[in-house]
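Student: My questions are about this predicted structure, shown below with the sequence.
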Amino acid sequence: MSISAQEPGKAHQERSFWTVFGSTFLTIFAAEMGDKTQFATLLMSAESQSPWIVFAGAALALIATSLLGVWIGYWLSSRLSPKTLDLSVAILLLLISGLLLGDVLGV
């Protein structure tokens, strides 16, 4: 069935689902490439000679941390306005950036 033959609300839901899913996947995939977790997984796999067991452990750990993030984000979104959330995240990122910059500069 084509999108045009579906109910308008359903077509919007499908587009919304794929938009949210795609942007989430691409953002997390790009952010996780080359990070310390990936390197730790690479080293553990090389040392253990059991790549599938390392894969299963790493995948479950990423699922658990992602689930925790989703639960906390959902909980916060039900208590704070989007503007407050945006401002809070911006301040938190600026604080972390300042601390990292201070560490690099030795301040």
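Tutor: Perfect, I can see it now. Residues are numbered from 1 along each chain as shown.

Student: And Ala30, how close does it get to Ala90?
Tutor: Separation of Ala30 from Ala90 (C-beta to C-beta, to the nearest Å): 20 Å. Heads up, the C-betas are built off the backbone N, CA and C, glycines and all.

Student: now Ser45
Tutor: 37 Å.

Student: Equivalent analysis for Leu99, please.
Tutor: 15 Å.

Student: what sits against Ala31?
Tutor: Not one residue lies near Ala31 by C-beta atoms under 8 Å, 6 or more residues apart in numbering.

Student: The helix or strand that contains Ala40: which residues count as buried?
Tutor: In the assignment (DSSP states H and E), Ala40 maps to helix 36-48. Across helix 36-48, burial judged by 16 or more other C-beta atoms under 10 Å covers 41, 44-45.

Student: just the angle between the biggest helix by length in the chain and helix 36-48, please?
Tutor: Determined from DSSP state H, the single longest helix within the chain is helix 51-77. Relative orientation of helix 51-77 versus helix 36-48 (axes from the mean of the first three to the mean of the last three C-alpha atoms, to 10 degrees): 160 degrees.

Student: helices and strands around helix 51-77, which ones?
Tutor: Counting contacts by 3 or more C-beta pairs under 8 Å, 6 or more residues apart in numbering; DSSP states H and E, helix 51-77 packs against helix 36-48.

Student: related to what we said a few turns ago, extract the CA atoms of the helix or strand following the longest helix of the chain and return them as CSV.
Tutor: The C-terminal neighbour of helix 51-77 among helices and strands, as given by DSSP H and E, is helix 82-105. The C-alpha coordinates for helix 82-105 follow below in CSV (Å, rounded to 0.1, in the frame of the first residue of the first chain):
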residue,chain,number,x,y,z
PRO,A,82,11.8,21.8,26.2
LYS,A,83,13.3,25.3,26.7
THR,A,84,14.5,24.4,30.2
LEU,A,85,15.9,21.1,29.0
ASP,A,86,17.8,22.9,26.1
LEU,A,87,19.2,25.5,28.5
SER,A,88,20.3,22.9,31.0
VAL,A,89,22.0,20.8,28.4
ALA,A,90,23.7,23.8,26.9
ILE,A,91,25.0,24.9,30.4
LEU,A,92,26.1,21.3,31.2
LEU,A,93,28.0,21.0,27.9
LEU,A,94,29.7,24.4,28.4
LEU,A,95,30.7,23.4,31.9
ILE,A,96,32.2,20.1,30.7
SER,A,97,34.0,21.9,27.8
GLY,A,98,35.4,24.5,30.2
LEU,A,99,36.7,21.8,32.6
LEU,A,100,38.3,19.9,29.7
LEU,A,101,39.9,23.0,28.3
GLY,A,102,41.2,23.9,31.8
ASP,A,103,42.6,20.4,32.1
VAL,A,104,44.4,20.7,28.7
LEU,A,105,45.7,24.1,29.5
